[in-house]
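[1] Sequence first, then the predicted structure, then my questions.
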Amino acid sequence: MSNHEKKGGQVPQPDLSRRRFLGAAGAGAAVAASGGVAFAQGKPDPLITEIQDWNRYLGDSVAAHPYGKPSKFEAHVVRRDVEWLTASRESSINFTPIHALDGIITPNGVCFERHHGGAPEIDPSKHRLMINGLVDKPLVFTMEDLKRFPGRTNKIFFLECAANGGMEWKGAQLNGCQFTHGMIHNVMYTGIPLKVLLDEAGVKTNGKWVMPEGADSAAMTRSIPIEKAMKDCMVVWAMNGEALRQEQGYPLRIVVPGWEGNMWVKWLRRLEVGDQPWHHREETSKYTDLLADGRARRFTWIMDAKSIVTNPSPQAPLKSKGPNVLSGLAWSGRGTITRVDVTIDGGKNWVAARLDGPVLPLSLTRFYADIEWDGREMLIQSRAMDDTGYLQPTKDELRKVRGVNSIYHNNGIQTWLVRANGETENVEIS
Ligand code: MTE
Ligand code: CO
């Protein structure tokens, strides 16, 4: 006997009494719950009373999908670019559809891509990783060598481009969290701690910096302090259990946890150890922050705590009054998210959101707040705190110290205006 039958044929209803409601901005009594249509109240629903084709006929065989793809009804869940930003082979950027995802792991096919010279197609049997410079024993590894090397490990980390939110410094501009916050992904990497490989080569006592170099036409290079290289960097060949995607650096990339995405060199072919930073293009003319007084911040590696309400958002408007799940993501390059507060009245009242799923250091953290919407306009924001006690600043607080010349490291609080019809817009309030 099924549960359903035990309850005397009643259509199960969601238990709304257990939900924690936030009153909508100054709202009075909660609106009646609308979690489902009671069977007795409505006309018979043909989707219940009539057998559908998919229920009647045979489905696809296992031979139809040797490598599974999302349902065709999910075709809108894709990376997108912004027309006036570049989408050329010389320099391209697209964005993760974070408004259409849940949990904390980004599926491989929708991880945003950023490349400065196109994504090369590399034959793994011809790929080599060289370690040279201030080491006792310069080394060259094949992919097979790396996969045989002792010390393999799996870790989940977010990667955020320092330019995430960069178009919003001067004011609200792009309508969708995919575009304002989608230069981020969060996957489980498989590889070897960089320390293990550097120890094998033997870093000389004057070896203080490591320079990863890419095998793409941009030959991307950055300077990483040896302390960071030895602490938690990884050389990886897999993401979410399968080989890296071409776009993400197949067959090999470096992982620099919590630090700006630009340093995570893809198509990794060389690691040079030196006694000082190289001051290459990506750490001088780019990836520096010009302040109002003409000076520039440099070597701003760490991604500070940040959060975003992904639902509702401009690409994911509210559809119904009554109970709704407000959902979002928070992360910090300094450690673990300890708290996310949300407001629906533009910051007058804040409530602690529920952190859900694994809460890991240097990883995306999922949060939810179960809200009751009475159809009034809402000004929705979230603010994150990490285990160093750092609280995500407002955009105005950031501008006070950084000015508006910057492109990178915009971690200010985002505001969404939800209109009475549920449509949602990117706005700023001061
Ligand atoms: N590595 C190489 N070799 N070439 C590149 O153009 N782009 C960097 C970094 N590593 C880049 C690279 C930048 S700016 C970012 S934000 C990340 O890769 C993006 O990683 P993703 O494409 O996996 O999202
Ligand atoms: Co980047």
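    Sure thing, it's come through. Residues are numbered from 1 along each chain as shown. Ligands and ions are numbered 1, 2, ... in the order given.

[2] and the next element down the chain from the helix or strand of the chain with the lowest mean pLDDT?
    Using mean pLDDT, DSSP states H and E, the weakest-scoring helix or strand in the chain turns out to be helix 3-6, at a mean of 35. Toward the C-terminus, helix 3-6 is succeeded by helix 46-49 as the next helix or strand (DSSP states H and E).

[3] same for that following helix, what does it pack against?
    Helices and strands touching helix 46-49, by 3 or more C-beta pairs under 8 Å, 6 or more residues apart in numbering; DSSP states H and E: there are none. (Glycine included, C-beta is placed from N, CA and C.)

[4] give the contact list for residue 310.
    Residues near residue 310 by C-beta atoms under 8 Å, 6 or more residues apart in numbering: 98, 99, 101, 177, 181, 316, 327, 328, 329.

[5] Apply 7 Å and report the result again.
    With contact set as C-beta atoms under 7 Å, 6 or more residues apart in numbering, residue 310 has these partners: 98, 99, 177, 327, 328, 329.

[6] Would you mind giving these as a markdown table with secondary structure, pLDDT and neighbour count added?
    Putting those into a markdown table (DSSP: H, G, I helix; E, B strand; the rest coil; pLDDT from 0 to 100; neighbours: other C-beta atoms under 10 Å) gives the following:
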| residue | secondary structure | pLDDT | neighbour count |
| --- | --- | --- | --- |
| 98 | helix | 98 | 29 |
| 99 | helix | 98 | 24 |
| 177 | helix | 98 | 28 |
| 327 | strand | 98 | 23 |
| 328 | strand | 98 | 27 |
| 329 | strand | 99 | 27 |
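
[7] Could you measure from the nearest residue to residue 132 once chain neighbours are set aside over to residue 254?
    Take residue 132 and drop its neighbours on the chain: the residue closest to it by C-beta to C-beta, 6 or more residues apart in numbering is residue 138, 4.4 Å away. Distance of residue 138 to residue 254, computed by C-beta to C-beta, to the nearest Å: 18 Å.

[8] more neighbours, the two?
    Legend: neighbour count by other C-beta atoms under 10 Å for residue 138 and residue 254, higher for residue 254 (25 against 13).

[9] pretty sure that one contacts residue 262?
    No. Counting by C-beta atoms under 7 Å, residue 254 stays clear of residue 262, with 11.5 Å between them.

[10] list the buried ones in stretch 59-70?
    Within stretch 59-70, no residue is scored as buried using 16 or more other C-beta atoms under 10 Å.

[11] And that stretch, how far out from the chain middle?
    Computed by C-alpha atoms, centre = their mean, to the nearest Å, the chain-centroid distance of stretch 59-70 equals 28 Å.

[12] Give me the contacts around that stretch.
    The contact list for stretch 59-70 (C-beta under 7 Å, 6+ apart) reads residue 77.

[13] Go again with 8 Å.
    Under C-beta under 8 Å, 6+ apart, the answer for stretch 59-70 is 77, 109.

[14] what packs against the helix or strand containing residue 144?
    Secondary-structure element containing residue 144, defined by DSSP H and E: helix 143-148. When contacts are defined as 3+ C-beta pairs under 8 Å, 6+ apart, helix 143-148 sits against strand 234-239.

[15] Partner strands of the strand it packs on, with direction?
    strand 184-193 (antiparallel), strand 242-243 (antiparallel), strand 253-255 (antiparallel) (DSSP bridges).

[16] out of those strands, nearest to residue 213?
    strand 253-255 (9.8 Å; C-beta to C-beta).

[17] Any idea how far the closest one is from the middle of the chain?
    Strand 253-255 sits 16 Å away from the centroid of its parent chain (C-alpha atoms, centre = their mean).

[18] closest one to residue 215 among the strands paired with strand 234-239?
    Set against residue 215 and scored by C-beta to C-beta, those come closest in strand 253-255, at 10.5 Å.

[19] Let me see the mean pLDDT of the closest one.
    Mean per-residue pLDDT for strand 253-255: 98.

[20] Any idea what residue 270 is bridged to?
    Beta bridges link residue 270 to residue 130, residue 213 when assigned by DSSP bridges.

[21] show me what contacts it?
    For residue 270, the contacting residues are 129, 130, 131, 132, 211, 212, 213, by C-beta under 8 Å, 6+ apart.

[22] follow-up on the earlier one: of the contacts of residue 310, which is the nearest to residue 361?
    Nearest to residue 361 among the contacts of residue 310 is residue 329, at 15.1 Å by C-beta to C-beta.

[23] The closest one and residue 186: what is the separation?
    Distance, residue 329 to residue 186, using C-beta to C-beta: 8 Å.

[24] State the number of residues packed around residue 414.
    By other C-beta under 10 Å, the residues close to residue 414 number 27.

[25] Quick check: it touching residue 379?
    No. Under the criterion of C-beta atoms under 8 Å, residue 414 is not in contact with residue 379, lying 10.9 Å apart.

[26] Ok, which of the strands paired with strand 234-239 comes nearest residue 422?
    Short answer: strand 184-193, nearest of the strands paired with strand 234-239 by C-beta to C-beta, at 25.8 Å.

[27] Quick one: mean pLDDT for that closest one?
    In this model, strand 184-193 has an average pLDDT of 98.

[28] How far off centre is the one helix or strand residue 384 maps to?
    Per DSSP H and E: residue 384 is located in strand 378-386. Centre-to-centre, strand 378-386 and its host chain are 17 Å apart (C-alpha atoms, centre = their mean).

[29] Put the alpha carbons of that strand into PDB.
    Extracted as PDB, the C-alpha positions of strand 378-386 are listed here (Å, rounded to 0.1, in the frame of the first residue of the first chain):
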ATOM      1  CA  MET A 378      10.700  44.800  -3.600                       C
ATOM      2  CA  LEU A 379      14.300  46.000  -3.600                       C
ATOM      3  CA  ILE A 380      16.200  42.800  -3.100                       C
ATOM      4  CA  GLN A 381      19.900  42.600  -1.900                       C
ATOM      5  CA  SER A 382      22.200  40.100  -0.300                       C
ATOM      6  CA  ARG A 383      25.400  40.600   1.600                       C
ATOM      7  CA  ALA A 384      28.000  38.000   2.500                       C
ATOM      8  CA  MET A 385      30.300  37.600   5.400                       C
ATOM      9  CA  ASP A 386      33.300  35.200   5.600                       C
END
